[in-house]
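In: Would you be able to build a 3D model of this:
(2 chains)
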Amino acid sequence: MSDLSGYTPERTDWGRFALRWGLFVILGLFALWYLAPLFVMLTTSVKTLEEIRTGSLIALPREITFEPWAKAWSQACSGITCEGLRPYFFNSILLAVPSVAISTVIGALNGYVIAQWRFRGADTIFALLLFGCFIPFQVVLLPMAKMLGLLGLAGTIPGLMLVHVVYGIGFTTLFFRNFYVTIPADLLKAAKVDGAGFLRIFVSIFLPLSVPIVVVSIIWQFTQIWNDFLFGVSFSSAGSQPVTVALNNIVNSTTGVKEYNVDMAAAIIAALPTLLVYVVAGKYFIRGLTAGSVKG
Amino acid sequence: MFDWLERQAPKLVLAPSFAAMLLFVYGFIGWTAWVSLTKSRLLPKYEIDGFGQYERLFNAPRWDVAIENLAIFGILFIGVSMALGLLLAILLDQRIRAEGALRTIYLYPMALSMIVTGTAWKWILNPGLGIEAMVKGWGFDTFTFGWLVDPDMAIYTVVIAGVWQASGFVMALFLAGLRSVDSEIIKAAQVDGIPTTRIYTAIIIPSMAPIFLSAFIVLAHLAIKSFDLVIALTGGGPGYATDLPATYMYAMAFSRGDLGQAASSAMIMMMIVFAVVVPYLYSELRTRK
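Out: Okay, here's the model as predicted:
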């Protein structure tokens, strides 16, 4: 704690009072600025087009309509098809769930080996993996497209899954490695003396300890994969697009009248899963962010 | 056999990841580097031709715009996010009652997809019905705010949206840093009657140098890779006024069918990232031992 508010002897009580209020006002104004886009999105999404055209950006809706939401979910047009966001939303779920699970399991095993079963070269492998977290993905985009073509996975969800797993492993390994290095080596030694093997020790000793870092890893990977656009737009085809790509297509679709309310409803729908994760497990989300940045 | 398996288990577990990394990261970088040295256009060619692609790249006006935009966006995005993040962290550190709620509000944009952020700001900033129309509606008839469609100003809208999204994250980093400063030192300074502002500028902020560095690295990394935000907010336009290297590379790879340019621009992007990240990674890996 570096709390400094308690010690200001040169100020009068009144001055301190004004200072506190000033502080609250400034913090409140910033809160408004962060909330404003969400507020505008929400209100716009339940206004009629007529009201959007005549009313003010920040005005509350005079009458609330959920039609834009229904339309965004099941009828909005992106390019040539008009199926709304729904099929793409499910694509994203279908893509994210296995990718998150696989990359977390691989990361956990990798981290366990690198942190606890140190062998010659393990550190080098870790450094090489870590390095992979930092490359701009543009540098692998072209050969990846070619590789997916060779594997017969071009434009498919399994193809995208492969991409997300491969480039997610670096981060998940980092999370688990940094978590497992804090566990004393004596634990492993004792288990070995008792005759437990490599997998047995992992499953019955390390895994039960790992709940918080598993949560961090799952949340990080889920947010990354759900919010990804670059891989989605590069490697998917008409039927396999993830929700972010479909959202962008709906918003930029040039056919017909521009329906801002539908666009906003679609944007909120696409954002809901990660927002929900953030609200429910914000602590772990922040831990993932800082572990992925500060430590890496 | 079983014994051998048991002894080799750690290596066997790591082997697939290692192989995947070698292929999908290092092999692929090698492929891109190779293609960037050929005359590839629509299809990859594999005869080395030299640095012709890079020459073409550096002579392309569109690439110039992309690099210039990256400089403008990068400097402002990093600078403003850090300043704002630090300010918010210091203000929040004053034993605020609603700290938890405020922190949650400041940080939630980081959970959003850049496509969502871009879509939201595109709507807010559109001159026809957004902020401009709103202020005009208040009676300021001559007010104009058309940055989004102004080729000279559009890149600043990307800065606004980017800062909105990332500054809360910087705040979280700095707040954690402020909390980790040794409270004994601060108490001692207070007892000595050193004013609050001096305590911040002379003691607390300097001791947070490593956090400034990490925040810088993360933001620089985000800036260089920025792609979705531009696509959703401006689509790279008007024209190619808001192109960044990432959107340039994508346009060359997937809409222009110019693999050579795509590969060479991707290589330049990687070099820019490495110029920022490698010194940091190196020092991190060394000090951790």
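
In: Point out where the stretch 151-289 of chain B drops to low pLDDT.
Out: B:284-289 (pLDDT under 70).

In: At which residues are the helices of it located?
Out: Along the stretch 151-289 of chain B, counting by DSSP state H, counting those that start in this stretch, helices occupy B:154-179, B:183-191, B:196-198, B:205-207, B:209-225, B:228-233, B:245-250, B:259-288.

In: Any chance of a markdown table for those helices, columns distance to chain A and mean neighbour count?
Out: In short, each C-beta sits where N, CA and C put it, glycine included. Output for these, formatted as a markdown table (distance: least, Cβ to the nearest Cβ, whole Å; neighbours: other Cβ atoms under 10 Å in any protein chain shown):
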| stretch | distance to chain A | mean neighbour count |
| --- | --- | --- |
| helix B:154-179 | 5 | 23 |
| helix B:183-191 | 5 | 14 |
| helix B:196-198 | 5 | 12 |
| helix B:205-207 | 10 | 15 |
| helix B:209-225 | 4 | 20 |
| helix B:228-233 | 4 | 26 |
| helix B:245-250 | 5 | 26 |
| helix B:259-288 | 4 | 19 |
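
In: Save those as CSV, and put in distance to B:Tyr106 too.
Out: Listed next are these as CSV, based on distance: least, Cβ to Cβ, whole Å:
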stretch, distance to B:Tyr106
helix B:154-179, 4
helix B:183-191, 24
helix B:196-198, 22
helix B:205-207, 20
helix B:209-225, 15
helix B:228-233, 19
helix B:245-250, 26
helix B:259-288, 25
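
In: So for A:Met264, which of those helices sits nearest?
Out: When these are compared by Cβ to Cβ, helix B:228-233 sits nearest A:Met264, at 13.0 Å.

In: Could you point out which of the helices of the stretch 151-289 of chain B sits nearest B:Gly139?
Out: Among the helices of the stretch 151-289 of chain B, the nearest to B:Gly139 by Cβ to Cβ is helix B:154-179 (24.5 Å).

In: by contact count, what packs against that closest one?
Out: Under the contact criterion of 3 or more Cβ pairs under 8 Å, 6 or more residues apart in numbering or on different chains; DSSP states H and E, helix B:154-179 touches helix A:13-45, helix A:260-290, helix B:61-92, helix B:99-107, helix B:114-125, helix B:209-225, helix B:228-233.

In: In JSON lines, list the ones you listed along with distance to A:Ala76.
Out: Output for the helices and strands packed on helix B:154-179, formatted as JSON lines (distance: least, Cβ to Cβ, whole Å):
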{"stretch": "helix A:13-45", "distance to A:Ala76": "12"}
{"stretch": "helix A:260-290", "distance to A:Ala76": "5"}
{"stretch": "helix B:61-92", "distance to A:Ala76": "31"}
{"stretch": "helix B:99-107", "distance to A:Ala76": "29"}
{"stretch": "helix B:114-125", "distance to A:Ala76": "13"}
{"stretch": "helix B:209-225", "distance to A:Ala76": "29"}
{"stretch": "helix B:228-233", "distance to A:Ala76": "16"}
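
In: closest to A:Ile213 out of these?
Out: helix A:260-290 (8.6 Å).

In: Now do the buried residues in the closest one.
Out: Under the neighbour-count criterion of 16 or more other Cβ atoms under 10 Å in any protein chain shown, helix A:260-290 has A:260-271, A:273-275, A:277-278, A:281-282, A:284-290 buried.

In: hang on, the earlier thing: figure out which of the helices of the stretch 151-289 of chain B is closest to A:Ile205.
Out: It is, among the helices of the stretch 151-289 of chain B and with distance given as Cβ to Cβ, helix B:259-288, at 24.3 Å.

In: which ones are touching residue 239?
Out: In the absence of a named chain, this looks at chain A. By Cβ atoms under 8 Å, 6 or more residues apart in numbering or on different chains, the contact list for A:Gly239 reads A:Pro87.

In: actually chain B
Out: B:Pro151.

In: Which strand or helix spans A:Val97?
Out: helix A:86-116 (DSSP states H and E).

In: Quick check: end-to-end length of stretch B:237-256?
Out: 16 Å (Cα to Cα, to the nearest Å).

In: From the chain's centroid, how far away is the lowest-mean-pLDDT helix or strand in chain A?
Out: Using mean pLDDT, DSSP states H and E, helix A:49-54 stands out as the lowest-scoring helix or strand of chain A, at a mean of 82. Remark: helix A:49-54 is offset 34 Å from the chain centroid, using Cα atoms, centre = their mean, to the nearest Å.

In: do stretch A:23-36 as well
Out: The answer for stretch A:23-36 is 25 Å, by Cα atoms, centre = their mean.

In: Give me the angle between the helix holding A:Val97 and helix A:260-290.
Out: 0 degrees (axes from the mean of the first three to the mean of the last three Cα atoms, to 10 degrees).

In: touching chain B at all, the very next helix or strand once past helix A:86-116?
Out: Using DSSP H and E, the helix or strand that follows helix A:86-116 towards the C-terminus is helix A:122-134. Yes: Helix A:122-134 comes into contact with chain B (Cβ under 8 Å from any Cβ of the partner chain), by way of A:Ala122, A:Ile125, A:Ala127, A:Leu128, A:Leu129, A:Leu130, A:Phe131, A:Gly132, A:Phe134.

In: Farthest-apart pair in these, please.
Out: Taking Cβ to Cβ, no two of the residues of helix A:122-134 next to chain B sit farther apart than A:Ala122 and A:Phe134, at 19.8 Å.

In: Which positions within the helix holding A:Val97 qualify as buried?
Out: Buried residues in helix A:86-116, counted by 16+ other Cβ under 10 Å: A:86, A:88-89, A:91-92, A:94-96, A:99-100, A:102-104, A:106-116.

In: and of the helices and strands packed on helix B:154-179, who's closest to B:Gln8?
Out: helix A:260-290 (32.1 Å).

In: same question for that closest one, mean pLDDT?
Out: Averaged over helix A:260-290, pLDDT sits at 87.

In: Could you check how far that helix is from the centre of its chain?
Out: Worked out by Cα atoms, centre = their mean, helix A:260-290 lies 8 Å from the chain centre.

In: ok, and does that helix reach over to chain B?
Out: Yes: Helix A:260-290 comes into contact with chain B (Cβ under 8 Å from any Cβ), by way of A:260, A:263-264, A:267-268, A:270-271, A:274-275, A:277-279, A:282, A:285-286, A:289-290.

In: coming back round to it: okay, the angle between the next helix or strand after the least confident helix or strand of chain A and helix A:86-116?
Out: Where DSSP H and E defines the elements, the next helix or strand beyond helix A:49-54 is helix A:67-74. If you take the same axes, to 10 degrees, helix A:67-74 sits at 70 degrees to helix A:86-116.

In: so where's the stretch 1-150 of chain A shaky on pLDDT?
Out: Counting by pLDDT under 70, the ranges of the stretch 1-150 of chain A that qualify are A:1-12.

In: can you do 50?
Out: Where the stretch 1-150 of chain A drops to pLDDT under 50, the residues are A:1-3, A:6-9.
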